[in-house]
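>>> Provided below for reference: sequence and predicted model.
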Amino acid sequence: QRPDEEVRKEVETALHSDPFFYDGHVTVTVKDGVVHLQGVVFDDRDLRAARRISKKIAGAKRVVNELEICSCDGGGGA
């Protein structure tokens, strides 16, 4: 079994490296090999992508997706 910290770092790197996924509002924690994804994503596609990317990491026994879909308009204000 890989150390939780090692799994966490690898999940974070994988999420950050994916060219189609913005990880700026996602926090990753790992406890006993169970990956917890928390934070905000922009749509359902991002929600599924985060789970898919995280599941590929060696040592990730399970992924608990606690992400929320942002209800923001994506604008930058005036």
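Cool, got the structure. Worth saying up front: this structure is predicted, and the values here are computed from it rather than measured. Numbers count the residues shown, from 1 in each chain.

>>> The nearest residue to Arg8 once chain neighbours are set aside in helix, strand or coil?
Residue nearest to Arg8 in three dimensions, not counting chain neighbours: Val30, with 4.4 Å by C-beta to C-beta, 6 or more residues apart in numbering. Bear in mind the C-beta positions are built from the backbone N, C-alpha and C, glycine included. Val30 falls in the strand class when you classify it by DSSP: H, G, I helix; E, B strand; the rest coil.

>>> was I right about Lys56 contacting Ser17?
No. Lys56 is beyond contact range of Ser17, at 11.7 Å (criterion: C-beta atoms under 8 Å).

>>> Would you check that the residue nearest to Arg8 makes contact with His36?
Yes. Applying C-beta under 8 Å, one finds Val30 in contact with His36, separated by 7.2 Å.

>>> Please identify which of these two sits among more neighbours.
Neighbours were counted for Val30 and for His36 using other C-beta atoms under 10 Å; Val30 has more, 25 against 18.
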